[in-house]
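Trainee: no sequence on this one, just coordinates:
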């Protein structure tokens with residue numbers, strides 16, 4: 001027979017179990033045991049106030065993450081808070097900072113050391129914020145005679161952290177294109193343009209010092225001194241080909257002149273050495289002659305009359321001995337004894353002897 005579903009549910013909720021065996025004409029063995037089927041759990045729905053509170057919390061969480069009313073300032077940065085277009089003069093230090101969306105905003109400004117490169121490489125004029133560098137085309141300059149010269153250099157600088165809000169308010173976030181790039185170009189052109197091209201390689205250090213000095217003066221003259229200059233490196237001075245060739249010829253000529261000057265100096269030293277040697281020989285000869293003359297004077301001074309008479313007597317004694325051996329010998333006597341006596345042996349005309357004192 002058909003079963004009424006509503007009636008079945010009512011009986012089931014009351015713990016009544018229909019006796020299927022009764023319908024079949026069989027006795028019900030479970031009728032006296034008091035058996036009841038388990039009841040269905042009773043779920044209670046929250047009321048409207050609780051649901052509204054849950055909805056509000058969920059919406060606020062979603063809005064918090066969508067609007068993101070906070071900013072994290074990293075190390076090496078400062079934050080600038082802008083309220084309805086007005087810059088807060090106090091910079092925000094690294095950390096988390098909250099603001100009111102739609103009314104306020106916070107921008108992070110990098111205060112690390114940055115580099116502005118002026119080179120002839122490709123991609124000039126493109127700024128890379130991640131690398132902290134600003135690349136520009138090499139600076140073209142006319143020297144004092146109107147010749148075109150290309151100058152490459154690198155400028156290291158950083159923002160003054162204390163004056164960042166005033167700097168951004170005055171110069172904007174593209175402050176580098178207004179403070180660094182045009183100023184350094186103008187200074188380089190003024191400094192390098194005062195020298196002739198051929199003197200630039202030899203006066204490189206002087207030019208770099210002048211550029212550094214003038215750039216510091218310009219930065220320090222700005223209100224609030226927004227930028228701190230770290231250093232300027234003059235990396236390359238590209239000269240025209242004609243000037244390069246001229247400089248090379250001048251250098252070769254200078255080297256040849258230096259070599260010739262060295263040869264002249266060496267020849268001069270050799271001549272001076274020989275002159276000194278000749279002078280030494282002459283001086284030695286003069287000294288020897290003076291000594292000989294002095295000796296002759298001493299000898300002449302020692303030849304007095306008593307000494308000459310003594311020498312004459314000695315020679316006369318030798319003559320007497322000779323006459324004893326050869327009676328035919330001829331003897332010539334000089335008066336006064338001023339010259340030696342001379343005797344000749346008449347037996348041997350080929351032999352002649354002289355005896356001197």
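Mentor: Structure's in. What do you need? Remember, it's a predicted structure, so these values are computed and weren't measured experimentally.

Trainee: the longest helix in this protein is where?
Mentor: Counting residues, the longest helix found in the chain (DSSP state H) is helix 241-302.

Trainee: count residues in the vicinity of the residue nearest to residue 136 when sequence neighbours are not counted, would you?
Mentor: Excluding its sequence neighbours, the residue lying closest to residue 136 (CB to CB, 6 or more residues apart in numbering) is residue 118, at 4.9 Å. All C-beta atoms are positioned from the backbone trio N, CA, C, and that covers glycine. Residues lying near residue 118 (other CB atoms under 10 Å) number 23.

Trainee: ditto for residue 203
Mentor: 15.

Trainee: now do residue 146
Mentor: Residue 146 has 8 nearby residues by other CB under 10 Å.

Trainee: show me the contacts for it.
Mentor: With CB atoms under 8 Å, 6 or more residues apart in numbering as the criterion, no residue contacts residue 146.

Trainee: what helix or strand does it sit in?
Mentor: Residue 146 belongs to no helix or strand when assigned by DSSP states H and E.

Trainee: how close does it sit to residue 91?
Mentor: Using CB to CB, to the nearest Å, residue 146 is found at 48 Å from residue 91.

Trainee: ok, back up a step: can you list contacts of the host helix or strand of the residue nearest to residue 136?
Mentor: In this assignment (DSSP H and E), residue 118 forms part of strand 114-119. Counting contacts by CB under 8 Å, 6+ apart, the residues outside strand 114-119 that touch it are 132-139, 151-158, 176, 180-181, 184-185, 235.

Trainee: now restrict those residues to buried residues only.
Mentor: Restricting these to buried positions leaves 134-136, 138-139, 151-155, 157-158, 176, 180-181, 184-185, with burial counted as 16 or more other CB atoms under 10 Å.

Trainee: in strands, which of these fall?
Mentor: If you go by DSSP state E, the buried ones among the contacts of strand 114-119 have 134-136, 139, 151-155, 157-158 in strands.

Trainee: distance from the chain centre to the longest helix of the chain, please.
Mentor: On the basis of CA atoms, centre = their mean, to the nearest Å, helix 241-302 sits 46 Å off its chain's mean C-alpha point.

Trainee: pLDDT averaged over it, what's the number?
Mentor: Per-residue pLDDT over helix 241-302 has a mean of 77.

Trainee: residue 108 reaches residue 71, doesn't it?
Mentor: Yes - with contact defined as CB atoms under 8 Å, residue 108 reaches residue 71; the gap is 6.8 Å.

Trainee: joint contacts of those two?
Mentor: With CB under 8 Å, 6+ apart, residue 108 and residue 71 have common neighbours residue 79.

Trainee: which residues of the stretch 101-250 of the chain score low on pLDDT?
Mentor: Residue ranges of the stretch 101-250 of the chain with pLDDT under 70: 121-131.
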